[in-house]
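S.K.: mind looking at a prediction? Sequence and model below.
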Amino acid sequence: MRIRFTKMQGAGNDFVVLDEMAGRLGLTAQQYRWLADRHFGVGADQVLSVRPSPAPGIDFEYVIHNADGSEVEQCGNGARCFARYVRDKGLTDRDTVRVRTLSGDIEPRLTPDGRVTVDMGPPVFEPPAVPFDTAGLTPQPDGAWEAWKLALGTRADAPIVAVSVLSMGNPHAVQEVEDVDTAPVTTHGPLIEHHPRFPRRVNAGFLQVLDRGHARLRVWERGAGETLACGTGACAAVVTGIRRGRLDSRVDVQTRGGLLTIEWAGAGTSVFMTGPAVTVFEGEIEIPE
Ligand SMILES: N[C@@H](CCC[C@H](N)C(=O)O)C(=O)O
């Protein structure tokens, strides 16, 4: 099957975007994996599919597959690229669109400076909703922050990490580190991702607080490995920092691929994420059956 695609990136988190407005392509998990493969396919952290409105009051449906072929609930950087895509392709003439994802509805808005702001909805902290299995665990008080201590392995000398666990539509475990450059992202990241307490796996965030309005972040993403930026990861990290009393309500987050601004007014309110969304190139490719 031959398909057209658009390659996009948001703060270096990169995407293959597929137009399914006129009908489903019917790709298998293996074909999504192939498209995302950097050696045999196009190469991407996630594949995004743009579908027509599924319900009144909703403009589009947005479907996300990780590089490993798994379908996921939410993707922040992808949401910004989605908004840029539907506008640039003339699929809408509006600056603000309402988009249905697997985890609910979000509202991306193109801003006059070319960036995109997304209302990502409120964070969710209830462990079963993440999902996070807390059986037999007691949260460790750490300021206003609930830090759960997890052993990364079964050996007596297994490293112990203290993570805050929350959902931004997708699951996140965030820990604060002294310096993201030396943090064990590529060694501890996969152990946290596959920790048995997370039945659907988890995205592992490593947050370095610089001052009350500035932070640095690296994220080991579920199903994709370390990416240059993770939008939902930045939201989860800032929410964690605010709950811990370490960050103010508006924070610039420096990732390895670019800058994201995250705003959160507190419990029950939406998290707003602002950042870039860029089209890199378009192409056509034959996908193996
Ligand atoms: N890159 C994303 C998140 C993509 C999904 C994530 N890997 C998951 O499995 O939940 C972002 O920008 O939020």
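M.R.: Sure, I can see it. Residues are numbered from 1 along each chain as shown.
S.K.: the helix or strand that contains residue 163 close to the ligand?
M.R.: Assigned by DSSP states H and E, residue 163 belongs to strand 160-167. No. Strand 160-167 is not in contact with the ligand by Cβ under 6 Å from any ligand atom; minimum separation 9.5 Å. Using the backbone N, CA and C atoms, a C-beta is placed for each residue, glycine as well.
S.K.: for that strand, what is the average pLDDT?
M.R.: Averaging pLDDT along strand 160-167 gives 95.
S.K.: summarise which helices and strands the helix or strand harbouring residue 148 is packed against.
M.R.: Assessed by DSSP H and E, residue 148 sits inside strand 145-151. When contacts are defined as 3 or more Cβ pairs under 8 Å, 6 or more residues apart in numbering; DSSP states H and E, strand 145-151 packs onto strand 140-142, strand 160-167, helix 231-243.
S.K.: do you know how far residue 191 is from residue 176?
M.R.: According to Cβ to Cβ, to the nearest Å, residue 191 and residue 176 sit 18 Å apart.
S.K.: what about these two, which has more around it?
M.R.: It is residue 176, of residue 191 and residue 176, that has more neighbours when counted by other Cβ atoms under 10 Å, with 22 against 18.
S.K.: so what's the more buried one up against?
M.R.: Residue 176 makes contacts with 207-209, 240-241, 244, 246, as judged by Cβ atoms under 8 Å, 6 or more residues apart in numbering.
S.K.: returning to what we had before: only C-alpha atoms, please: export the strand holding residue 148 in CSV.
M.R.: Taking C-alpha atoms only, strand 145-151 is exported to CSV below (Å, rounded to 0.1, in the frame of the first residue of the first chain):
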residue,chain,number,x,y,z
TRP,A,145,4.3,16.1,47.4
GLU,A,146,3.3,12.4,47.4
ALA,A,147,6.5,10.6,46.6
TRP,A,148,6.2,6.9,46.2
LYS,A,149,9.3,4.9,46.8
LEU,A,150,9.8,2.2,44.2
ALA,A,151,12.6,-0.4,44.0
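S.K.: now do it: distance to the chain's middle.
M.R.: Relative to the mean C-alpha coordinate of its chain, strand 145-151 is positioned 21 Å out (Cα atoms, centre = their mean, to the nearest Å).
S.K.: what does stretch 25-34 give?
M.R.: On Cα atoms, centre = their mean, the centre of stretch 25-34 falls 20 Å from the chain's centre.
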